[in-house]
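Q: Quick one, structure for this:
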Amino acid sequence: MTDEDRLYVLAGRAQKKAIKARQRKANRPCPPRVPPLPAMLSPTQRTGRDGESRASDHLQQLGLIIIARNLLGKTGEIDLVARDGEVLVFIEVRHRFHSAYGGAVASVNREKQLRLIRTAQLFLPRLVQRYFRGRTPACRFDVIGIEPQGLVWIKDAFRE
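A: Below is the predicted model of the structure:
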């Protein structure tokens with residue numbers, strides 16, 4: 001075996017080792033995200049967190065399984081991710097103290113929708129691998145508005 005052949009064999013082994021390491025890392029459970037301490041949150045952040053908890057409780061009572069909260073990516077944040085049977089649901093939670101300017105649900109404009117879609121596309125492969133055994137499920141985007149009149153849940157609020 002020539003030196004060139006040995007180098008080729010060593011490079012092949014190194015590539016296989018790197019692939020296995022990446023696969024192990026991808027299958028490793030994500031560490032739980034530690035929420036900031038309440039003292040570190042601004043009043044607006046506390047209101048948002050409380051609204052997300054209220055929405056999460058409501059969805060769980062209706063049978064959805066919350067699988068992630070506050071997924072933060074370079075393109076934006078998704079408040080809640082849930083499983084509704086075999087459907088993966090990305091949920092935006094909006095809280096408003098008054099209904100001026102259309103209220104909480106109306107505040108999810110086209111720009112925000114596109115940001116949510118891009119962020120969902122970023123996290124979709126990992127969520128599919130972890131919760132759906134690699135099979136891409138049907139996905140939908142819901143919006144939950146929390147207003148003085150109560151909680152409004154709009155299923156399939158927008159599409160890609």
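Q: which helix is the longest one in the protein?
A: For the chain, the helix with the greatest residue count under DSSP state H is helix 3-27.
Q: How far away from the center of its chain is that helix?
A: Distance, stretch centre to chain centre, for helix 3-27: 32 Å (Cα atoms, centre = their mean, to the nearest Å).
Q: Also stretch 149-160?
A: The answer for stretch 149-160 is 17 Å, by Cα atoms, centre = their mean.
Q: How about stretch 57-69?
A: On Cα atoms, centre = their mean, the centre of stretch 57-69 falls 13 Å from the chain's centre.
Q: Would you mind listing the buried residues in that stretch?
A: Buried residues in stretch 57-69, defined by neighbour count with 16 or more other Cβ atoms under 10 Å: 59, 64, 66, 68, 69. Bear in mind the C-beta positions are built from the backbone N, C-alpha and C, glycine included.
Q: excluding its backbone neighbours, what's nearest residue 92?
A: residue 143 (5.1 Å; Cβ to Cβ, 6 or more residues apart in numbering).
Q: In the sheet, which residues pair with the nearest residue to residue 65 once chain neighbours are set aside? Tell me.
A: Take residue 65 and drop its neighbours on the chain: the residue closest to it by Cβ to Cβ, 6+ apart is residue 83, 4.4 Å away. Counting by DSSP bridges, residue 83 is bridged to residue 65, residue 88.
Q: how close does residue 83 sit to residue 137?
A: Plainly put, residue 83 is 8 Å away from residue 137 if you go by Cβ to Cβ, to the nearest Å.
Q: picking up where we left off before, so the residue nearest to residue 92 lies in a strand, does it not?
A: Yes. Judged by DSSP: H, G, I helix; E, B strand; the rest coil, residue 143 forms part of a strand.
Q: ok, it to residue 159 distance?
A: Plainly put, residue 143 is 13 Å away from residue 159 if you go by Cβ to Cβ.
Q: higher neighbour count, these two?
A: Taking neighbours as other Cβ atoms under 10 Å, residue 143 and residue 159 compare with residue 143 leading, 26 against 9.
Q: What residues does the more buried one make contact with?
A: 91, 92, 93, 94, 105, 108, 153, 154, 157, 158 (Cβ atoms under 8 Å, 6 or more residues apart in numbering).
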